[in-house]
Structure formats: structure tokens, C-alpha cells
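Asks: Got a predicted structure plus its sequence, pasted below:
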Amino acid sequence: MKSYSFLISGCGDLGIKVLKKIIQKPGAYEALSLDKGIVAETKTQLKHPFFKQIGVDCKTAADDSVESDHLLIAFPPGETYVEDVAKALAQWNGKGVAVMISSTGVYEENTGSEVSEGSQIKKDSLIVEAEAKAIEKGAHVLRLAGLYDRHKGPHLYWQEAGLLKSNPQGMINLLHRADAADAIYIMINSLYKDPSERKTWHLSDSHPLTREEIVNEWNKNLPAESKITISSEQSSKNGLGKKVNAKAFSEHFSWTPRYESFAYFSQGFSSPRSVLGRELKSCCQNPITGFFRDGYCRTVNVDQGSHIICAELTDEFLEFSKAAGNDLSTPRPEFKFRGLRHGDKWCLCASRWVEALANNVAPKIYLESTHEQMLEWVDLEILKAYSLDLN
């Protein structure tokens, strides 16, 4: 049986963000004793080329079991959830930390009151049964509120539907996916250094909003023809939900969410912020850059490349980008593009800069002109090391 230092079972969107956090965080390998490497476990092989590209071993849940010091269980519930969790736990040798990601949906509360980790839970839930197995094995359970970002979340579900049918006064607890990944990394690192007898925690941004409040906030970013309407058909159904306060987790692990609320996140689209949390400054007007060609590294959902990092280009990077399939230096008169040169400032795709970082050819950047969503790709401390405008 092959042995690893860290197994991420269910390495999907959230698991990958945690994985990136571990890979990029200075000193993470030493802090968690990851000398035997990391393995990502998935249901299918769809994401395996990505894992191999970043130097991480991968396997499917159907492949032979491995042994691991640390374990993160991050796959969603299914019909065989309890058995799947037990199988993942069987690969943990108990030498490090094991965390099972669960949901705040396990709480019975539905009248709008606040819940704690000790509040009444749904006894007949598969998730609760799986939690019990994890705790029995010595693992910790982290119940997460609803995750969201600019790609997924209730706001986008309702936007696509164009209509909110559920009780508009029902409370929704949310947590930005990047903040969840950050919290998980901090939790595992902290518990490895200082084990805790407490096994169950829950996490949200501690700013619950009603469905109506979420819709109203998101509608501020949408044109009139795309705004979400609220149906009155089910306004008295679905209950009032619950309020999840993350005070216990925040205080124990010294964690604070970067996106303090969904409202704060949503406001960042109409009033873009930099990675320093201040108003986003122009990157360059000559040559004119940005997804909108307005000089700013701002973005919207249709910007698949995420042109959000303001960099001062070098010949070395331009050669790297061309070899990677994105030729930025060759003039394209038909598009009124003169081609970029050494010293030009440009809004680069987040993924391209990260690739350049991994290949030691990342250009220097301007933090005040780099969109805050870049923090979903790279830690601020790494960005600061490449900054040209940090006083």
C-alpha cells in the first residue's frame, strides 16, 4: 500500500482550492510534514490531467486504497455517503489530522433562530450518520454554510431561473468558497500543532441574509432585463431557516473571512476592489488593457480568462506566454493590437500568471491595480513579494 502525507478525498472545487493553498503557502510542506507528498482522490479521472500538471498524484475512489497521515473528506453526499466516508477514513493512519466537510443543513432549526454546534440535529440524516463515523474514528467535522463565488451559488441559480420561488424571508447562511478553503487550511495546520478535544465545528461568514436580501443585492449588478423577480406563490412556505454564527471557530483558529458578507462580495462587482481591499486603480491606458478595454483589471462572469492581475511585462514572460499558446507580442493590426513589449503594463489572465509563477518567470505586479479575486488564486503574501507599488 502506497503511503502519503496528505489525502484529499473528493478533490473537487473546494478540495482543489485547499490543495492550491497547501502548494503555494510558504512553509506549508514543512509545517504539515508533507515529505511523502499529496494525493487527490476523485470519483472520475476528469481532473487528473490538472493534478498531474501541478505535480500531485491522483487516483479514483475505485482504485486501490492508500495510507495517509492527514485526510480531508470533501465530497458531496450521495446514496452511499456513509459507506464512502467510511472508506475514506480507512485510508487515514491517525498520525496527523483528519477533517470531514459537512453541512449546516443538519440542524433542525427552521424558525430563524441562531444555532450553535450543540443545537438539535436531524437524527435520520445520512450526513449525521457519516459525521458519527468520522468522530468515532478520531476525525474532526466541519459543517459549512452554503458556498458561493462568482461561478456558483444561490444568486446565480436564481439569476438563471429569473425567479425566486422559495420564502423570501427565509434566512440563508453563506460562505465564500475561497474563505472556506482558507479556513480549512488554517484548521488542519492549527490542529496538527495543537490538537483539540472538540470534534465538531461549524462555519459561515456570520452574516446571514434573507433570500430577498440576497436577490436585492445581486440585482444591483444586473441589467433590467436580467433582474431576478420574487414570486409570491410560496412566500409563506419553506420556513425561516436558521442563523449560523462562526464565533467559536473564528476565535479558536484566529480566522476572519475576507468576504465578510455576500453584500460585500456583491458590491465588489459595481465598485471593484484591489487585493489590498481598496478601490481598484487603473492598470494602463496606453496600451489600453483590461477585459473591457477600459484600462482596469476588472471582471465579470463571462470573462472566462479572469483578466485580473496588473503586470509589468518582461521579454522572458512574453516568450513563456507565446510558448504556452497565448502570443501577446505579435502585432495584430486587424484587431488594432500593436503587440506588447518589455515594460508594458497589462491585465493578465490569473491562470497564466500562476503558471508563470510555477515556472519562475512571473512578472512583477501592481497590487493597487490587481483585482481582489486574484486572492482566490494566490495568497496575498506571495503577491506582495512581486509587488512594484507596495510602500
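Replies: Received it, and whenever you're ready, just let me know what you need.

Asks: what about the strands in the stretch 1-150 of the chain?
Replies: Remark: strands assigned in the stretch 1-150 of the chain by DSSP state E, counting those that start in this stretch are 3-9, 38-42, 57-60, 67-73, 98-103, 111-115, 140-144, 146-148.

Asks: Pipe these into a markdown table and attach distance to Lys364 per row.
Replies: Every C-beta, even on glycine, is put in place using the N, C-alpha and C of the backbone. Listed next are those as a markdown table, based on distance: least, C-beta to C-beta, whole Å:
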| stretch | distance to Lys364 |
| --- | --- |
| strand 3-9 | 32 |
| strand 38-42 | 30 |
| strand 57-60 | 33 |
| strand 67-73 | 34 |
| strand 98-103 | 37 |
| strand 111-115 | 47 |
| strand 140-144 | 36 |
| strand 146-148 | 32 |
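
Asks: need these in a markdown table with mean neighbour count and mean pLDDT, can you?
Replies: Shown next, in a markdown table, are the strands of the stretch 1-150 of the chain (neighbours: other C-beta atoms under 10 Å; pLDDT from 0 to 100):
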| stretch | mean neighbour count | mean pLDDT |
| --- | --- | --- |
| strand 3-9 | 23 | 97 |
| strand 38-42 | 24 | 97 |
| strand 57-60 | 17 | 96 |
| strand 67-73 | 25 | 97 |
| strand 98-103 | 23 | 98 |
| strand 111-115 | 14 | 95 |
| strand 140-144 | 23 | 98 |
| strand 146-148 | 20 | 97 |
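
Asks: Kindly state which of those is positioned closest to Lys122.
Replies: Closest of those to Lys122 is strand 98-103, at 10.5 Å (criterion: C-beta to C-beta).

Asks: Check which helices and strands that closest one sits against.
Replies: Judged by 3 or more C-beta pairs under 8 Å, 6 or more residues apart in numbering; DSSP states H and E, the packing partners of strand 98-103 are strand 67-73, helix 126-137, strand 140-144, helix 177-193.

Asks: let's see 6 Å
Replies: strand 67-73, helix 126-137, strand 140-144 (3 or more C-beta pairs under 6 Å, 6 or more residues apart in numbering; DSSP states H and E).

Asks: angle of the first one against strand 3-9?
Replies: Using axes from the mean of the first three to the mean of the last three C-alpha atoms, to 10 degrees, one finds that strand 67-73 and strand 3-9 are set 20 degrees apart in direction.

Asks: name the helices or strands packed onto strand 67-73?
Replies: strand 3-9, strand 98-103.

Asks: Mind listing residues that contact the shortest one?
Replies: It refers to strand 98-103. For strand 98-103, contacts defined as C-beta atoms under 6 Å, 6 or more residues apart in numbering pick out 71-74, 92, 127, 131, 134, 139-143.

Asks: which one is the most centrally placed residue in the chain nearest to, not counting chain neighbours?
Replies: With distances taken as C-alpha atoms, centre = their mean, Ala178 lies nearest the centre of the chain, 2.8 Å away. Leaving out its chain neighbours, the residue that sits closest to Ala178 by C-beta to C-beta, 6 or more residues apart in numbering is Glu376, at 4.3 Å.

Asks: ok so, going back, could I get the helices and strands packed on strand 98-103 as TSV with distance to Leu14?
Replies: Listed next are the helices and strands packed on strand 98-103 as TSV, based on distance: least, C-beta to C-beta, whole Å:
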stretch	distance to Leu14
strand 67-73	9
helix 126-137	16
strand 140-144	8
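
Asks: Of the ones you listed, which is nearest Ser387?
Replies: Nearest to Ser387, of the helices and strands packed on strand 98-103 and by C-beta to C-beta, is strand 67-73 at 31.3 Å.

Asks: hmm, who's touching that closest one?
Replies: With contact meaning C-beta under 6 Å, 6+ apart, strand 67-73 is reached by 1, 3-9, 88, 91-93, 95-100.

Asks: repeat that for 7 Å
Replies: Contact with strand 67-73 is made by 1, 3-10, 15, 18, 32, 85, 88, 91-93, 95-101, 184, 188, as judged by C-beta atoms under 7 Å, 6 or more residues apart in numbering.

Asks: quick one on the thing from earlier: could you pull up the residues touching the residue nearest to the centre of the chain?
Replies: Contacts of Ala178 (C-beta under 7 Å, 6+ apart): Lys17, Asp149, Arg258, Leu375, Glu376.

Asks: Which of those fall within helices?
Replies: Those of the contacts of Ala178 mapping onto helices are Lys17, per DSSP state H.

Asks: which of the contacts of Ala178 lies closest to Ala224?
Replies: Using C-beta to C-beta, the contacts of Ala178 come closest to Ala224 at Asp149, 24.9 Å.

Asks: What are the buried residues along stretch 334-346?
Replies: Going by neighbour count (16 or more other C-beta atoms under 10 Å), the buried part of stretch 334-346 is Leu340, Asp344, Lys345, Trp346.
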